[in-house]
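[1] Need the 3D shape of this:
(chains A and B)
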Amino acid sequence: MRKMRKGAVVMAGVMVLSGLSGLAVQAEAAVNEELSGKVVVWDWDVNRIGAQVEEFNKVYPNIEVEIVPLASSGEYRTKVISAVAAGTDLPDIGCIEMNDRHQLLNLGIWDNLENEPYNFDPASVVEYTNVLNTTDGGEVVGVESTLCPTGLAYKKDLAEKYLGTSDPAELEAMLPDWDTVLEVGKKIKEENPDIYLFASADEDLWTFFTGQGNQCYATEDGQLNEEALKTPVHRIYEFVTAGVCDRMQGYSTSWYDQFSNDDNYIFDICANWSPQFNIEPSDPDNENQWGFMKAPGGALSSGGTSLTVYNQSEVKEEAWALISWMLLQKEGAEIYKNNIGYYAPLASLYEDEEFVNWTTSCFGDQNVGEKMYKEIVPEMNVRQLSQYDTPVGIGKTSWMTLMYTGIDDMTEEECFESLIAEINANLN
Amino acid sequence: MKKKKSKLSLAKYGYFFCLPYVLCYLVMGLFPMLYTFWVSLMQWNGIGPMKFVGFQNYITMFQENYFFLQSLKNTILMLVIYVPITLAIGLFLANLLFQPAMKLKGFFRTVNLMPYIVSSVCIGTLFLFLFDHPIGGVNTILNMLGISEKGVFWLGDPFTSRFVVCLLVVWKYMGYYMVMFLAGLTNISTDIIDAAKMDGANRRQLFFRIKLPSIRPTFVFLTITACIGGFQLMEEPMLIFTKAIGGPDRSVLTASWNIYNTAFGTKLNFGVACAMSYGLFIVIAIFALIGFRAMNRKED
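    Got it, this is the predicted structure:
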């Protein structure tokens, strides 16, 4: 009996040990020690990759990641162009912001990710992201670093006061399209001259009206597609001259201030990155003060950065290991989301209800993740990239500055002509 | 024979010690200048192959959508405004601090020099806060005084935009000019000043008849360097107008900013940008020549 007990204990010990060693083997299998080298990234958003390095190194312990912080995406653009012109090396992973997307993706310095050693399958990611990462020659050279579903954020107390409700579903039903928004805005304005629905035409309205239009800025014969700009100009003219939208410049001091200290503006444009970069840092008492709803007129994407691999890199596989771990594998994508709230483009992730859920301080317990990734993303379409994207983006900013001071003395036709003139001034 | 040999070996040392500077000049000075000229004869977007176009870029740069003349006009206009003002304020402050009766000289010298040593990024941000519409510091004061209820759109109007840029430059550089003038004033022999005082010269006479002529070389030197620096003005307006290139209606688009934007902005036209650089170089050279001739006249 005693011997049997001893034998049972020994057997149990062996089983436990073999089980543990099995686990160890499994854990070892997940670790890749073959890939090694130093991957260099220039990035103005240092957390995008920087915050994932520790976890990434648990899987790829021999890949060192160096993040070179830059002040802005503008500085990044200049550095890339300078390096290309001077013939010097670029970092192994490229970060291409939406405003520079067409220009930088078509420099001919990024690898086609569908080829070896990447074998990226564009069908594995949310479909619209491929449109934003394909060159004029049809090569897929980038992977979107986050989906950017965009809607409207609103101050709950002001919505309650001037619109009678702060419930997102009721507000969506009340404001189904931009014509209705304009009429509601005018009514509020009549009774409350200091109240605006929006603060900035160049940040809020332009993004909505061009983002929902989705018309490429180039015609098939390579000319500027002026038609694509007519509706945005018409809408902006209506909203600004009616006083429904104020004349604040986006990202100015006043614009940041209106998130917290101003009770005159009800709505702000809100992409998934807006709480982290705009609302919460600007409004210290933001907790549960804001609501989020779908935008009138439909779904849209705003902003976003694409990750690419430099075609002269000596650590291509290592660079791709980092990109695919973060954006194309569930394990990394979950860590990525939990660390910085970015949502990788891997399509299968969005079948998981748990993954989609997301709340953030300013929206209280509202499940904005569900609204963004279950309701907005499936409806999202994006404008095809073109050589006019950057001239339109820069021309629009100069045009808006003039519009803010001169719009009251201009006809809609004159406004449109001045926009076209500004865009043409940025062309060769 | 021996003498000749030692002279040669001495010369070798001379060449050896000059070598670091000469090498640096060749690599960092002469090569970029020649390369810029070479690129100015090419059609090149910085990425693809270069195509020789002769002097075409020197014609293209005068086209309306390259804004060379407008940017040059903006630069000269602002320069004509802020250079005399900055020099005058610098001289006034230096003269004030030069007075023997002045107390806390060190403190005031440091305070006035502060803007010059602060990073331009901080100054740009500060001015953005000050001249923001509608909640900037200046508009808040105007509102409190009842002068403007809605505030002035300082950075949205061409005239006020130039005003803000000029103000920034004056504020930033007046301390530097003050220090330079102060150095010039310190070099004046006290005997001359005392003799003038003994002869009954009042403060105005002392300043215009003794001090100002004595610091004339400093004055001319600062005027020339201020003009050259003024033609290269770029950072200050860029830091205020971070989004709209050249500010409203390109009213503060300076020549250097325009060159930068032509090369690295939407146009990506390195050829025309290099041609513009040579155009600007000629303008600066003319101004510098006039200045140096004015300076040499005194020495003659």
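[2] Let me know the secondary structure of the closest residue to A:Met400 other than its chain neighbours.
    Here the nearest residue to A:Met400 in space, its sequence neighbours aside, is A:Asp202; by Cβ to Cβ, 6 or more residues apart in numbering or on different chains that works out to 3.9 Å. For glycine as for every other residue, the C-beta is placed from the backbone atoms N, C-alpha and C. Secondary structure assignment for A:Asp202 (DSSP: H, G, I helix; E, B strand; the rest coil): helix.
[3] For A:Asp202, grab the count of nearby residues.
    25 (other Cβ atoms under 10 Å in any protein chain shown).
[4] cool, A:Gly243 as well?
    A:Gly243 is flanked by 18 other residues according to other Cβ under 10 Å.
[5] Can you tell me which helices and strands the helix or strand hosting B:Ile259 packs against?
    Using DSSP states H and E, B:Ile259 falls within helix B:255-264. Counting contacts by 3 or more Cβ pairs under 8 Å, 6 or more residues apart in numbering or on different chains; DSSP states H and E, helix B:255-264 is packed against helix A:73-86, helix B:68-98, helix B:270-299.
[6] Please compute how far it lies from its chain's middle.
    Offset of helix B:255-264 from its chain centre (Cα atoms, centre = their mean, to the nearest Å): 17 Å.
[7] What mean pLDDT does that helix get?
    Mean per-residue pLDDT for helix B:255-264: 94.
[8] among the helices and strands packed on helix B:255-264, which is nearest B:Phe207?
    B:Phe207 lies closest, by Cβ to Cβ, to one member of these: helix B:68-98, at 6.4 Å.
[9] which other helices and strands contact that closest one?
    Using 3+ Cβ pairs under 8 Å, 6+ apart, helix B:68-98 sits against helix B:105-117, helix B:158-186, helix B:216-231, helix B:255-264, helix B:270-299.
[10] Try it again at 6 Å.
    Using 3 or more Cβ pairs under 6 Å, 6 or more residues apart in numbering or on different chains; DSSP states H and E, the elements in contact with helix B:68-98 are helix B:158-186, helix B:216-231, helix B:255-264.
[11] Quick check: buried residues in it?
    Buried residues in helix B:68-98, counting neighbours by 16 or more other Cβ atoms under 10 Å in any protein chain shown, are found at B:68, B:70-72, B:74-76, B:78-79, B:81-83, B:86-87, B:89-91, B:93-95, B:97-98.
[12] what inclination does it have with respect to helix B:158-186?
    Angle, helix B:68-98 to helix B:158-186, by axes from the mean of the first three to the mean of the last three Cα atoms, to 10 degrees: 40 degrees.
[13] What residues does the stretch 101-250 of chain B have near chain A?
    Within the stretch 101-250 of chain B, the positions near chain A by Cβ under 6 Å from any Cβ of the partner chain are B:Phe129, B:Asp132, B:Ile135, B:Phe153, B:Gly156, B:Asp157, B:Lys243, B:Ala244, B:Pro248.
[14] give me that answer again for 8 Å
    For the stretch 101-250 of chain B, the contact set with chain A under Cβ under 8 Å from any Cβ of the partner chain comprises B:128-129, B:132-136, B:153, B:155-157, B:243-250.
[15] Filter these down to the ones in helices?
    Applying DSSP state H to these, the entries found in helices are B:Leu128, B:Phe129.
[16] Are any of the residues of the stretch 101-250 of chain B next to chain A buried, and if so which?
    Among those, those buried by neighbour count (16+ other Cβ under 10 Å) are B:128, B:132-136, B:153, B:155-157, B:243-250.
[17] which stretch in the helices and strands packed on helix B:255-264 is the model least sure about?
    Lowest mean pLDDT within the helices and strands packed on helix B:255-264: helix B:270-299, at a mean of 87.
[18] roughly how far out does that one sit from the chain middle?
    Relative to its chain's centre, helix B:270-299 lies at 13 Å (Cα atoms, centre = their mean).
[19] Turn the helices and strands packed on helix B:255-264 into TSV, including distance to A:Ile63.
    TSV is the format used below for the helices and strands packed on helix B:255-264 (distance: least, Cβ to Cβ, whole Å):
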stretch	distance to A:Ile63
helix A:73-86	22
helix B:68-98	47
helix B:270-299	36
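[20] To B:Ile259, which of those helices lies closest?
    Closest to B:Ile259 of the helices and strands packed on helix B:255-264, according to Cβ to Cβ: helix B:270-299, at 4.8 Å.
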